[in-house]
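Enquirer: Quick one: sequence and predicted model below, then my questions.
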Amino acid sequence: MPARPVPTVIEPWARSLLRCPVTGGELVDGSGPDGAPRLESPSAGLAYPVRDGVPILLVHEALRVPGPAPLG
């Protein structure tokens, strides 16, 4: 079972402006294997770290996020 997302400490008004730098898609709260908060881009399959409340939206800092398990 995936870890429960850790809410980021980003203000809601600022959070709504953030987009994936690769696809321009929405970013959702997530957490890494160590429990650290991150913003995930479902459309790109990438996770961007959040360090000290600051999202690091740099592609070379992003990690691949495993996709959903296939049905069947």
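Expert: Done, it's in.
Enquirer: so His60 sits in a helix?
Expert: Yes: according to DSSP: H, G, I helix; E, B strand; the rest coil, the state of His60 is that of a helix.
Enquirer: which residue packs closest to Val50, ignoring adjacent ones?
Expert: Spatially, and ignoring its direct neighbours in sequence, Val50 is nearest to Pro37 (4.5 Å; C-beta to C-beta, 6 or more residues apart in numbering). C-beta coordinates here come from the backbone N, C-alpha and C atoms, glycine included.
Enquirer: So what pairs up with that neighbour in the strands?
Expert: Ser31 (DSSP bridges).
Enquirer: Tell me which helix or strand in this protein has the weakest average pLDDT.
Expert: Using mean pLDDT, DSSP states H and E, the weakest-scoring helix or strand in the chain turns out to be helix 12-15, at a mean of 80.
Enquirer: Figure out how far that helix is from the centre of its chain.
Expert: When distances are taken as C-alpha atoms, centre = their mean, to the nearest Å, helix 12-15 is centred 15 Å away from the chain's centroid.
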